[in-house]
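Enquirer: Need coordinates for the following:
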Amino acid sequence: MAKGSSGFVFGLTAAALATVSFLAYQASATVPAGFSVPQAAASASASQAPRVDPNPAALPAGTGTGERVVYSVDAGRVWLVDARGRVLRTFTVTPGSLAPFPGTYPVTSRSNSITGTDGTPVEHVVRFTAVDGVAIGFSAAVGVTRSEPDTDVRTGGIRESRTDGNAMWQFATIGVPVVVIR
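Expert: As a prediction, this is how the structure comes out:
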C-alpha cells in the first residue's frame with residue numbers, strides 16, 4: 001500500500017465507525033421504556049443466532065385498524081382485534097396444506113358443522129377466501145384437541161382448538177375483515 005493511502009484508509013475507517021455509532025445511538029433511542037436491549041456477544045456465532053421476539057403474541061404492526069382478525073401464516077397465530085384496536089384474544093393455529101395470499105379479505109361464509117376436505121368432522125367454520133378452488137377458513141376439529149392436516153390432501157382448513165374456534169365463531173361474523181400476513 002502506498003504511503004499516502006494509509007491516511008485515506010484511516011479516514012474511511014473513522015467515518016465508518018462514526019456512522020455505526022450514530023446508527024447504534026438512533027436505535028437505542030427508539031427502544032420502549034422498560035425494555036432492555038441484550039448486549040451482543042463478541043463471538044461470530046452470536047451474530048448468527050436467531051432473533052427472539054420478546055413477545056411473540058404481540059399484534060404485528062401494520063395490520064390495519066378497527067375490528068379485524070389477523071392471521072400470520074408464518075407464525076401460525078391469530079389475533080382477534082376489537083374496534084378500538086385492542087387484542088381480545090390470540091392463539092396458535094395449524095394451517096392446512098394451502099395458504100392464503102397476504103391481503104385483507106371479508107368473512108364470506110360460515111358453517112356450524114361440516115366434514116373438512118380431509119374427511120375430519122369440523123365445527124365453527126369461518127371462510128374468507130379460496131386458493132386454486134379450495135376454500136380457506138378457520139375451523140375446529142370435533143372430537144380431538146388439535147388435528148394435523150393430511151399432507152396428501154389439498155386442504156384450506158386452518159385448524160384451531162375447539163375453545164379458540166368458539167371464540168372465532170362468536171367474533172368473525174360475515175363481513176369482518178381477515179388480514180393475512182406472512
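Enquirer: Show the subsequent helix or strand relative to the top strand by length along the chain.
Expert: Longest strand in the chain by number of residues, with DSSP state E as the criterion: strand 121-131. Per DSSP states H and E, strand 121-131 leads on to strand 134-141 as the next helix or strand towards the C-terminus.
Enquirer: now for the helix or strand following that following strand, which elements pack on it?
Expert: Past strand 134-141, heading to the C-terminal end, the next element that is a helix or strand (DSSP H and E) is strand 157-160. In terms of contacts (3 or more CB pairs under 8 Å, 6 or more residues apart in numbering; DSSP states H and E), strand 157-160 is packed against strand 121-131, strand 134-141. Placement of C-beta: from N, CA and C, glycine included.
Enquirer: neighbouring contacts of strand 157-160?
Expert: With CB atoms under 8 Å, 6 or more residues apart in numbering as the test, strand 157-160 has contacts from 71, 78, 91, 93-96, 116-118, 120, 122, 125, 136-141, 146-147, 149, 168.
Enquirer: Export only the CA atoms of the longest strand of the chain, formatted as PDB.
Expert: Backbone C-alpha positions of strand 121-131 (Å, rounded to 0.1, in the frame of the first residue of the first chain) are rendered in PDB as follows:
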ATOM      1  CA  PRO A 121     -65.600 -33.500  11.200                       C
ATOM      2  CA  VAL A 122     -65.200 -29.800  11.900                       C
ATOM      3  CA  GLU A 123     -67.200 -27.100  13.600                       C
ATOM      4  CA  HIS A 124     -67.400 -23.300  13.600                       C
ATOM      5  CA  VAL A 125     -66.100 -22.900  10.100                       C
ATOM      6  CA  VAL A 126     -65.300 -19.300   9.200                       C
ATOM      7  CA  ARG A 127     -64.300 -18.900   5.500                       C
ATOM      8  CA  PHE A 128     -62.700 -15.900   3.900                       C
ATOM      9  CA  THR A 129     -61.100 -16.700   0.600                       C
ATOM     10  CA  ALA A 130     -60.100 -19.600  -1.800                       C
ATOM     11  CA  VAL A 131     -56.900 -20.800  -3.300                       C
END
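Enquirer: Which among the contacts of strand 157-160 count as buried?
Expert: Members of those that pass the buried threshold by neighbour count (16 or more other CB atoms under 10 Å) are listed as 71, 78, 91, 93, 95-96, 116-118, 120, 122, 125, 136-141, 147, 149, 168.
Enquirer: Export the host helix or strand of G165 to CSV, keeping only CA atoms.
Expert: Per DSSP H and E, G165 falls inside helix 162-171. Taking only C-alpha atoms (Å, rounded to 0.1, in the frame of the first residue of the first chain), the coordinates of helix 162-171 have been written out as CSV:
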residue,chain,number,x,y,z
ARG,A,162,-62.4,-26.0,20.0
THR,A,163,-62.2,-23.3,22.6
ASP,A,164,-60.4,-20.9,20.2
GLY,A,165,-62.9,-22.0,17.4
ASN,A,166,-65.8,-20.9,19.6
ALA,A,167,-64.2,-17.5,20.2
MET,A,168,-63.6,-17.1,16.4
TRP,A,169,-67.2,-18.2,15.7
GLN,A,170,-68.5,-15.5,18.1
PHE,A,171,-66.2,-12.8,16.8
